[in-house]
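Engineer: Build me a structure from this.
(2 chains)
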There are 2 protein chains.
Amino acid sequence: MSAKATELRRRLAELTDLRNTAQLLQWDQQTMMPPKGAALRADELATLNRILHERFVSAETGRLLEAAGDELNGASPESDEARLVSVVMRRWEKARRVPSDLAADLARAASIGQEAWVGARSRSDFASFLPHLKHNIALKHRYVECFEGFDSAYDVLLDDYEPGLRSAEVTTLFAELKTELVPLIGAIAARSDAVDDSCLHGAFPLEHQRQLVADVVHRMGFEDAGWRLDDTVHPFATGLGSGDVRITTRWDETFLPMGLFGAMHECGHGLYEAGIAPELQRTPLGSGDALGLHESQSRMWENMIGRGRPFADYLAPRISELFGGSVSDLDPETFYRAVNRVHPTFIRVEADEATYSLHVILRFELEQDLINDRIDVEDLPAVWNERFRSYFGLEVPDDAMGVLQDVHWAAGLIGYFPTYAIGNLVAGQLWERVRADLPDLDAMASAGDLLPLREWLREHVHRHGSKWGAGEVLERVTGHGIAVAPFLSYLKAKLTDVYGAFGP
Amino acid sequence: MSAKATELRRRLAELTDLRNTAQLLQWDQQTMMPPKGAALRADELATLNRILHERFVSAETGRLLEAAGDELNGASPESDEARLVSVVMRRWEKARRVPSDLAADLARAASIGQEAWVGARSRSDFASFLPHLKHNIALKHRYVECFEGFDSAYDVLLDDYEPGLRSAEVTTLFAELKTELVPLIGAIAARSDAVDDSCLHGAFPLEHQRQLVADVVHRMGFEDAGWRLDDTVHPFATGLGSGDVRITTRWDETFLPMGLFGAMHECGHGLYEAGIAPELQRTPLGSGDALGLHESQSRMWENMIGRGRPFADYLAPRISELFGGSVSDLDPETFYRAVNRVHPTFIRVEADEATYSLHVILRFELEQDLINDRIDVEDLPAVWNERFRSYFGLEVPDDAMGVLQDVHWAAGLIGYFPTYAIGNLVAGQLWERVRADLPDLDAMASAGDLLPLREWLREHVHRHGSKWGAGEVLERVTGHGIAVAPFLSYLKAKLTDVYGAFGP
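Structural biologist: Sure, this is the predicted structure:
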């Protein structure tokens, strides 16, 4: 490495240390911190993000990036060094438009907003949350104003979560998705009695759920020496480098899927972080920052594996053994059909695979309306409920089941939601490719052998860290950009399997 | 507040945020972090400490301190503002002599050393720990070389843990203490059969120990909304502001005092942090940095209350109720005598009140020998064992029971140990004063009512944070500096109570 490249690496390593530290502050806030620590935690996050921002956007970082770029000496544009310079330069050009005070204010408001949300949601009290939401949106407006030359204000935000993705492209993809999903859901609703999911409801003692989940995540690749699994209100995963991966889940002692599939989902995220190549550690490429791509991993493990027919062969006998009683003789086919029951609900994170994306599309539309001042924040609950009625045919009973259900807007994450449905699409495309590459995949999943899938994903996705965004990875692996068809074809095949042939 | 004072406060608030963040990184390393996270954690701590140091020692901090000092306008030298300027100026003058690279190296070595120590202790393998210890001592030499005009190299280190305390003073105090303790321990050894502690050994299921400890620490002032209690290998307490106090303990299912008194000890530390005045939050006075004073709090709660005769009236029936079996009819007097049995052991943290200070004196002497190059690090186990034999009359069986038992040297904490025995002395002096001020103290402790003691300590010690060191607090509360007599008189009274009158 040249002297400049070495100096750049050193500087970026320090910034990565600060970023990991900020991740730990947030992880701790959501899992460990006593409530009275919230005020100072917001200060700590504000200070750390201010310093991180100041040091990143300095002219010196720019000079080092430029010099390191000049010194690449014809290295392949796909090399780590070239991608590092290119990805970081892009982020630097974006970040330096933002004042450090604003970066600090965003971090502080996100931390305070989350605490306010926890209370507001538990009381279903939108009014107490309103000032925090207004403040977060006002800050996002200030953030957007730092930029120019964009097609839509929302693009500025979306790009932070899935680099390079535009809202116009998302709108097109989601329109195609919605056009297919709505009649599909309607057709299934007509035969809602065809699937019985009573085996999922019953008495599932926490202790045994923990055993089941521990077995499953270890099979996926959870390693005690480098991972943690904790309880939380809103499950998430975080990586502080590939040797320290932390996932969380939540549990329901009367409903089995909550803990199990929540943990598989977050473990899917964790595997991405754990699988990043060691040589990218302590660089900005050493964490997965393209969230649509990240979500494709969690959704593949949760849905294609966890709710897939083959893995039911592995899960069902274990569930029988652990819980006995009403599931003492659980048939894999019964379990498979139950966990794939399509049933519109109020809560996104509890939604089935068919309706899930509709929840996301609702949020994507509302976020754009908020950012473009097409709706007043005060009116948000009413607008939410009205639109929910039109998409799902259901009356939202209270704001906790409606507009207050997700932490994202409280935490300043506006522009984040679409990456969830993008994740479904990307997962559909990668899944098609995986199945072609690993013809024995079903047999292996039946036997609980998940290692070959993890290795395939590590090779094609994880090890690259943030070298590529979702679209770029897809181009490299499948030869196409983000597309809707593979996910829809996967979904229809499964639903036909579960519900039989249906129109239209 | 003047403009300069406001600017100083803002700057110090940011530094306090960074300090709290570093505390969290360390707390997490010892309680939550998976082992494979250790390498990056060392980098994170190094980076954070480098930045903290750079920002603190900048010329701008000095200018603000000076300006704020000039603008005090005759404010009382005891006011928060005057003390803030004076305490921080003293730290600034010390810190700015130290290069930020060295500050980072010290933090990194401490983090790596701790991980190496955990493995070395578990295998009783001094050889694998030796390079880390050598490196830590070499760094301390470099640190000492940053200063001039001191009486002894060790003074530079000691001053970091108990500001203003000199090794010459400690040597005098410890000589007086040792002169009294050695014959006292000898006299008791002659009647070692007089106390039966069999009630402390038996079957104490963890679940019930946790209930007992939860009750006791809540009586002391542990609040669920602002505290945590976790398990760890080496118990400690840490404060991230008064609303986020974290204590840890460890447990032995066959020996009751380990978990109970460990938790009371750390809760004593925690009460100090929780009791600091809100107006000192986010300033360098908002945590207790005089460790001798801090230790006086933990030792008072652990020993004067926890192992005191009155509180045994409260504890004994609860222990009977929770554990039954061999302690189903535990007599308070029996319990009191048992927990005050004098019995030389290898492990400092398990030592009784009479022998405890001897363990500290041994380490104080060895640390000075190490820093002044009077012994080679390679020879440390042999020197330790030889000196232990002469002080305690015991053959150290292996290094895990000897030189490897404590984390301190692994974590770069050299000069820290004496504050433990200083804590005993300070506790003795404060205890004398508390008993005069609260004549009903014994009756209240018998009934499990610990609130009045906590309030007294908050008023006289805790709320001041780091405004004063141990000696200054004692001068203000008792009219005297650190002294040996009150502790000895307290100890002798208790031992006479337990063992009967004894010579010499």
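Engineer: And the most centrally placed residue in chain A, how close does it get to chain B?
Structural biologist: For chain A, the residue nearest the mean C-alpha position is A:Glu295 (4.2 Å; C-alpha atoms, centre = their mean). Separation of A:Glu295 from chain B (C-beta to the nearest C-beta, to the nearest Å): 24 Å. Bear in mind the C-beta positions are built from the backbone N, C-alpha and C, glycine included.
Engineer: wait, that residue sits on A:Phe417?
Structural biologist: No. Look at A:Glu295 against A:Phe417 with C-beta atoms under 8 Å: they stay out of range, at 10.4 Å.
Engineer: burial of A:Ala168, as a residue count?
Structural biologist: 12 (other C-beta atoms under 10 Å in any protein chain shown).
Engineer: Who are the contact partners of it?
Structural biologist: Applying C-beta atoms under 8 Å, 6 or more residues apart in numbering or on different chains to A:Ala168 gives the contacts A:Asp151, A:Ser152.
Engineer: Repeat that for A:Arg63.
Structural biologist: With C-beta under 8 Å, 6+ apart, A:Arg63 has no contacts at all.
Engineer: you'd agree it is in a helix?
Structural biologist: Yes. Assigned with DSSP: H, G, I helix; E, B strand; the rest coil, A:Arg63 falls within a helix.
Engineer: okay, it: pLDDT?
Structural biologist: A:Arg63 carries a pLDDT value of 96.
Engineer: how about the residues of the stretch 51-200 of chain A near chain B?
Structural biologist: Residues of the stretch 51-200 of chain A found near chain B (C-beta under 8 Å from any C-beta of the partner chain) are A:Ile51.
Engineer: Residue of the stretch 51-200 of chain A nearest chain B, please.
Structural biologist: Of all residues in the stretch 51-200 of chain A, A:Ile51 sits closest to chain B, at 6.4 Å by C-beta to the nearest C-beta.
Engineer: Can you tell me how far the closest residue to A:Glu115 other than its chain neighbours is from B:Gly226?
Structural biologist: Once flanking residues are discounted, A:Glu115 sits nearest to A:Ala38: 4.4 Å by C-beta to C-beta, 6 or more residues apart in numbering or on different chains. Applying C-beta to C-beta, to the nearest Å, the value for A:Ala38 to B:Gly226 is 10 Å.
Engineer: overlap in contacts of the two?
Structural biologist: B:Gly243.
Engineer: Doesn't A:Gly164 belong to a helix?
Structural biologist: No. With three-state DSSP as the criterion, A:Gly164 is coil rather than part of a helix.
Engineer: How about the contacts made by the residue nearest to the centre of chain A?
Structural biologist: Applying C-beta under 8 Å, 6+ apart to A:Glu295 gives the contacts A:His269, A:Thr419, A:Tyr420, A:Ile422, A:Gly423, A:Asn424, A:Val426, A:Ala427.
Engineer: buried set for the lengthiest helix in chain A?
Structural biologist: Secondary structure of chain A per DSSP state H: the longest helix is helix A:3-31. Across helix A:3-31, burial judged by 16 or more other C-beta atoms under 10 Å in any protein chain shown covers A:4-5, A:7-9, A:11-31.
Engineer: Tell me which ones among the residues you listed also neighbour chain B, please.
Structural biologist: Checking the buried residues of helix A:3-31 against chain B by C-beta under 8 Å from any C-beta, the ones in range are A:Ala13, A:Glu14, A:Asp17, A:Leu18, A:Asn20, A:Thr21, A:Leu24, A:Leu25, A:Asp28.
Engineer: nearest to B:Leu457, of these?
Structural biologist: Nearest to B:Leu457 among these: A:Asp28, at 28.6 Å, using C-beta to C-beta.
Engineer: Next one: the closest one, what pLDDT does it get?
Structural biologist: The model reports A:Asp28 with a pLDDT of 98.
Engineer: doesn't B:Leu24 make contact with it?
Structural biologist: Yes. Counting by C-beta under 8 Å, A:Asp28 does reach B:Leu24; the two are 6.2 Å apart.
Engineer: and the residue of the stretch 51-200 of chain A closest to chain B, backbone torsions?
Structural biologist: phi -70, psi -40 (degrees, to the nearest 10).
Engineer: who's in contact with stretch A:390-409?
Structural biologist: When contacts are defined by C-beta under 8 Å, 6+ apart, stretch A:390-409 is touched by residues A:113-114, A:117, A:120-126, A:129, A:133, A:136, A:182, A:234, A:344, A:346-348, A:355, A:358, A:361-363, A:380-381, A:384-385, A:388-389, A:413-414, A:416-417.
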